[in-house]
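J.: Provide a 3D model corresponding to the input given below.
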Amino acid sequence: FFEAQGEKGKTRFPMASVYKVEIPRGTKSAGGVELKKEVTWTFTTPAPTIVKAWPQGGPRRLDPVMVLVFDQRINPEAVLEYITVQAGGKKNGLRMASEIELAADPGAKRVFDSAPADRRVAFRSTNRFATSSKVSIVAGEGLPSLEGPLKTTREQKFSFTTYAPFRVREHQCYWNKHQKKDCPPGQPMMIYFNNPVDAKLFDSSQVEIEPELEDLQVRIYGSRMQINGRIRPRTAYTVILNPELKDTFGQQLGKEVALSFAYGKAPRRFTSSSGPLTVVDPAGPPRFPVYSVNHEAVIVEAYQVKPGNWTAYNQYLRLSRNEKAKVVPPGKKLFTARVETRGAPDELTETNIDLRPIFEELGNQVILLIRPLKPSSPREKIVSWVQRTRLAIDAFADSGKLMVWTNSLIDGTSLANVEVEVRPH
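T.: Below is the predicted model of the structure:
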């Protein structure tokens with residue numbers, strides 16, 4: 001009964017009203033018992049409450065259309081008499097906004113059009129606000145409703161700020177820290193302005209970077225400018241902003257602005273494109289590639305295994321995710337070597353580990369455990385079951401049959417007379 005459109009088509013109770021409920025003496029219950037005395041009580045529905053106000057926050061234009069939306073029917077002209085707008089400690093004269101003025105203010109029009117016609121009021125100040133001003137909108141006590149006699153008994157306040165002269169507010173080169181020095185390479189350069197940048201008028205030529213940044217990309221996200229490119233480690237960059245750069249209020253930056261960003265060395269990395277099971281390419285020399293940044297060498301350990309160790313290997317993979325677990329791969333560790341990466345500082349380096357001496361000594365099934373010479377954590381390692389074979393096996397099963405066939409990894413031809421063993425997993 002108190003919803004905006006009523007309940008199931010019924011007319012809701014009018015707002016801003018006082019209601020008295022009377023249950024007369026002698027009213028009988030379902031069991032036949034009579035009420036011995038009259039029972040009465042009263043309740044009220046709310047006086048006008050503002051449910052949406054525009055604008056709020058900032059920065060905002062100097063001549064905005066202001067919109068208030070209420071939870072009940074109101075008379076806009078009558079309501080306007082109870083609204084005051086202050087900026088800089090002074091009250092501003094108000095008048096109703098025209099349709100043309102509403103159409104020229106997209107934000108105000110969106111709020112105005114979303115409200116029922118008899119619950120909204122749009123108005124403007126008779127004077128433009130000054131820049132960098134805090135503007136307060138106050139709906140005073142006594143504001144009337146068209147639905148009932150009750151009036152508001154308290155003020156309802158909202159505020160916004162007008163835009164300030166266009167300037168750079170902050171710059172940094174990392175999302176979570178306000179860094180300008182020793183920035184992690186690969187992180188974008190971020191420039192924050194006090195007003196939104198006009199993305200429609202922006203041109204990348206308005207941003208100059210020294211030294212030149214390859215694959216330069218400059219994107220505008222409201223009041224944030226994000227610069228991406230092939231940022232070189234251990235390099236200091238200067239970003240120069242053109243004085244003609246504009247905000248959405250038509251203001252220019254007005255002067256050339258130079259901002260410094262200094263990037264440090266690249267963070268150490270250690271990874272591989274191989275998964276927990278690797279089959280080396282039978283068409284070439286057996287190798288296992290690893291990729292690193294700022295690691296001088298890696299330690300390679302090889303464990304001799306057989307197919308029967310596969311279940312234990314999978315259990316090891318699960319347990320080794322816990323840094324505190326002291327587990328080792330199954331099989332026998334029969335090979336350890338140090339391999340130099342020979343990588344340039346800060347560059348991603350591919351190191352191909354020669355597996356020929358490992359396979360010659362341990363056979364064609366091994367588990368490789370590879371760590372950097374100076375790992376940053378116990379989890380910085382690569383583990384893979386590596387096998388050398390010329391056979392490929394495929395299998396499909398239904399409820400009654402398992403079908404297996406084998407092919408050559410060299411040329412893909414089907415192979416006959418291959419012994420296949422099935423084990424529980």
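J.: longest helix in the protein, please.
T.: helix 310-319 (DSSP state H).
J.: pull the distance from the helix or strand following that helix to the chain's centre.
T.: Sequence-wise, the next helix or strand downstream of helix 310-319 (DSSP states H and E) is strand 332-340. The chain centroid and the centroid of strand 332-340 are separated by 44 Å, computed with Cα atoms, centre = their mean, to the nearest Å.
J.: show the average pLDDT along the helix or strand that strand 332-340 is followed by.
T.: Next in sequence after strand 332-340, counting helices and strands by DSSP H and E, comes strand 349-354. Here strand 349-354 scores 96 as its mean pLDDT.
J.: make sure Leu201 is actually in contact with Thr248.
T.: No. The pair Leu201 / Thr248 is not scored as a contact, 9.1 Å apart, by Cβ atoms under 8 Å. Any C-beta I mention is one placed from the backbone N, CA and C, and that applies to glycine too.
J.: more neighbours: the two, which one.
T.: More crowded of Leu201 and Thr248, by other Cβ atoms under 10 Å: Thr248, with 18 against 13.
J.: which residues touch the more buried one?
T.: 195-198 (Cβ atoms under 8 Å, 6 or more residues apart in numbering).
J.: strands of the stretch 151-300 of the chain, start to end?
T.: 156-162, 168-172, 189-193, 207-210, 217-221, 224-228, 235-241, 257-263, 269-271, 277-279, 287-293, 297-304 (DSSP state E, counting those that start in this stretch).
J.: could you dump the ones you listed into CSV with distance to Thr389, mean neighbour count and mean pLDDT added?
T.: Formatted as CSV, those follow (distance: least, Cβ to Cβ, whole Å; neighbours: other Cβ atoms under 10 Å; pLDDT from 0 to 100):
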stretch, distance to Thr389, mean neighbour count, mean pLDDT
strand 156-162, 71, 18, 97
strand 168-172, 53, 16, 94
strand 189-193, 50, 20, 96
strand 207-210, 52, 16, 97
strand 217-221, 46, 14, 97
strand 224-228, 44, 18, 96
strand 235-241, 47, 16, 96
strand 257-263, 46, 17, 95
strand 269-271, 25, 16, 95
strand 277-279, 6, 14, 96
strand 287-293, 15, 18, 96
strand 297-304, 16, 20, 97
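J.: distance to Pro14 added to these, as CSV?
T.: Below are the strands of the stretch 151-300 of the chain laid out as CSV (distance: least, Cβ to Cβ, whole Å):
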stretch, distance to Pro14
strand 156-162, 20
strand 168-172, 49
strand 189-193, 49
strand 207-210, 59
strand 217-221, 47
strand 224-228, 48
strand 235-241, 58
strand 257-263, 59
strand 269-271, 69
strand 277-279, 74
strand 287-293, 72
strand 297-304, 80
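J.: closest to Glu421 out of those strands?
T.: Minimum separation from Glu421 across those (Cβ to Cβ) falls at strand 277-279, 17.2 Å.
J.: so how far is Ser274 from Tyr291?
T.: Using Cβ to Cβ, to the nearest Å, Tyr291 is found at 11 Å from Ser274.
J.: ugh, typo on my part, it should be Leu146
T.: Relative to Ser274, Leu146 is positioned 74 Å away (Cβ to Cβ).
J.: give the closest residue to Val135 in space, chain neighbours not counted.
T.: Distance criterion Cβ to Cβ, 6 or more residues apart in numbering; nearest residue to Val135, sequence neighbours excluded, is Ala87 at 4.6 Å.
J.: how close does the one you found sit to Ala104?
T.: Ala87 is 21 Å from Ala104, by Cβ to Cβ.
J.: for Gly148, same thing?
T.: According to Cβ to Cβ, Gly148 stands 36 Å off from Ala104.
J.: who has more neighbours, those two?
T.: Between Gly148 and Ala104, counting by other Cβ under 10 Å, Gly148 is the more crowded of the two (21 against 13).
J.: quick one, phi psi at the more buried one?
T.: Note on Gly148: its backbone torsions stand at phi -160, psi 180 [degrees, to the nearest 10].
J.: hmm, Phe13 and it touching each other?
T.: No. Between Gly148 and Phe13 there is no contact under Cβ under 8 Å: 9.2 Å.
J.: mutual contacts of those two, please.
T.: Common neighbours of Gly148 and Phe13 (criterion: Cβ under 8 Å, 6+ apart): Thr45.
J.: helices of this protein, residue ranges please.
T.: 76-80, 99-103, 106-113, 310-319, 356-362.
J.: got a list of what Asn242 touches?
T.: 205-208, 253, 256.
J.: between those, which is closest to Asp394?
T.: The nearest one, if we look at the contacts of Asn242 relative to Asp394 and count by Cβ to Cβ, is Val207, at 55.1 Å.
J.: ok, that closest one - contacts?
T.: 218, 225, 227, 239-242.
J.: pLDDT weak spots in the protein?
T.: By pLDDT under 70, the low-scoring segments of the chain are 1-10, 175-179, 425.
J.: same thing but 90
T.: 1-13, 88-89, 173-187, 266-267, 283, 321-326, 343, 376-379, 410, 420-425 (pLDDT under 90).
J.: who touches stretch 304-318?
T.: Against stretch 304-318 from outside (Cβ under 8 Å, 6+ apart): 276, 327-332, 334, 362-363, 365-367, 383, 385, 421, 423, 425.
J.: how about that stretch: buried residues?
T.: By neighbour count on 16 or more other Cβ atoms under 10 Å, the buried set for stretch 304-318 is 304-305, 309-310, 313, 316.
J.: please name the nearest non-neighbouring residue to Val293.
T.: That would be Arg269: by Cβ to Cβ, 6+ apart, it lies 4.1 Å from Val293.
J.: the one you found touches Ser292, doesn't it?
T.: Yes. When contacts are counted by Cβ under 8 Å, Arg269 is listed as touching Ser292 (6.3 Å).
J.: any residues in contact with both of those two?
T.: Common neighbours of Arg269 and Ser292 (Cβ under 8 Å, 6+ apart) are Leu348.
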